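J.: sequence first, then the predicted structure:
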Amino acid sequence: MKMPSALALALALATTGVVIHLITWSSGNRAMEEILQEASTHTVFRLRGVYSSAGTRAGIDALVEKAARSGFNLVIWFVNPRRGPEGVTAQYRTDFFPCGEACEEDLLAYLVERAHERGLKVWAWFGFMGYRSLLERHPSWAAVWPTGETTLEKPCAPGGERFYVLNPANREVVEFWKQALVDLVSRYEVDGVNFEDDYGFGYCGENFSFDEINRENFARFLAQRGVGSFDWPLDALGRYHDLWVEYKCSLVGNITRELVTAVKRVKPHVEVSLAASVSLEWSRKAFGIDWVKLEDFDYLTFMAYTADDRVLESWVSEIFASTKGLKTKPIIIIGWELRGYPALNWIKQALVVRRLGGEDLVVFWDGGLDSSNAWDHFQALFSSMKAG
């Protein structure tokens, strides 16, 4: 079948509000035609999400307008990002995390109202990181390095930020997380909660948490497997490291069920998802996140951040093979490594995901779409796909 000309394609899409800027017959225009031609053979993504950390009402207004116009139907907003002198700053009204200016303005309530007016869902991307004053009040909640230092004394600082990681084996920590999540979904009509994966053993996770609670738990775990005495923490890092990883995954699996159940008990309709690394091996070793076994979630959102389409294709294929048959559905997140790349690269990756069978997509993030001028490209992509 003869491929439509760029002009004819632009005019056809313009009837649905799509405007493609065609200046010359460049290779980019031809590539766009080919992408949209292939896209027209696929059903449109069911969930079309865009991540944002818009920090003002004007920013939220702009986000909602661009997302709705471009065909997105979901906004994922980080409610307690890792930033500020405390290590965490809440973007919503809460007694559980330090409150910043966005919290005082109740931006989450404003976002939910504006998004729902335009038919968009809102998921709260929720981080579980501790913060300085919390650990000063509860020093026993801190994760512990193999040296015995706590994350209050020595925060995890991979890129200069100071992360005050909590100990997931401490029951008071789990209760804190549970109450914070229940408070969030009780106060706000969010449609979902997306767990950051730091509720496991946190950033710098392969180094945590070598405290007395975990030592006692691990001793029982080893005893059930016929192992008696052991050298702590050297054997957890050495000859029994595989069992240490299994122990961490077991602990985090139990926490997952508890936290998801708490959310669902309050708001059964709220969708709960996990933001996961594409590497199952790394997730297990670092965070205790064995995402193949975490079927308590409605979705697993995989942070497939790469600018290489071949790498993306490999990752997505492996993820879909690993999650085949699971009740929990995979969603691919693209975009972070595409910052600064042309808009065409963004929709090429979206098409890779759809070609491989991805039914849902999240784009990270609105700032990247702004800098790459990619909003109209996604509008063209979604509009060219078949209705679901």
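T.: Looks like it arrived, so ask away.
J.: and residue 308, how far is that from residue 30?
T.: 22 Å (C-beta to C-beta, to the nearest Å). Placement of C-beta: from N, CA and C, glycine included.
J.: what's the answer for residue 112, then?
T.: The value you get for residue 112 to residue 30, if C-beta to C-beta is used, is 42 Å.
J.: more neighbours, those two?
T.: residue 112 (23 against 12; other C-beta atoms under 10 Å).
J.: where does the nearest residue to that one once chain neighbours are set aside land on pLDDT?
T.: In this structure, residue 112 finds its nearest non-sequential neighbour in residue 122, 5.1 Å apart by C-beta to C-beta, 6 or more residues apart in numbering. pLDDT, residue 122: 98.
J.: would you say residue 122 is within a strand?
T.: Yes: applying DSSP: H, G, I helix; E, B strand; the rest coil, one finds residue 122 inside a strand.
J.: for it, name its beta-bridge partners.
T.: residue 75 (DSSP bridges).
J.: would you agree it is in contact with residue 115?
T.: Yes: between residue 122 and residue 115 there is a contact under C-beta atoms under 8 Å: 4.9 Å.
J.: residues shared between the contacts of those two?
T.: residue 75 (C-beta atoms under 8 Å, 6 or more residues apart in numbering).
J.: quick check: closest non-adjacent residue to the residue most central in space within the chain.
T.: With distances taken as C-alpha atoms, centre = their mean, the residue of the chain nearest its centroid is residue 275 (3.3 Å). Leaving aside its sequence neighbours, residue 275 sits nearest to residue 301 (C-beta to C-beta, 6+ apart; 5.0 Å).
J.: I'd guessed the one you found sits against residue 273; true?
T.: Yes: applying C-beta under 8 Å, one finds residue 301 in contact with residue 273, separated by 5.2 Å.
J.: the more surrounded of these two?
T.: residue 301 (27 against 23).
J.: quick one: low-confidence ranges for this structure?
T.: For the chain, the stretches flagged by pLDDT under 70 are 1-28.
J.: so what's the closest residue to residue 296 other than its chain neighbours up against?
T.: Distances taken as C-beta to C-beta, 6+ apart place residue 260 nearest to residue 296, at 4.4 Å, with adjacent residues excluded. The contact partners of residue 260, taken as C-beta under 8 Å, 6+ apart, are 272, 296, 297.
J.: most neighbours among those residues, which one?
T.: When the contacts of residue 260 are compared by neighbour count (other C-beta under 10 Å), residue 272 ends up highest, at 25 neighbours.
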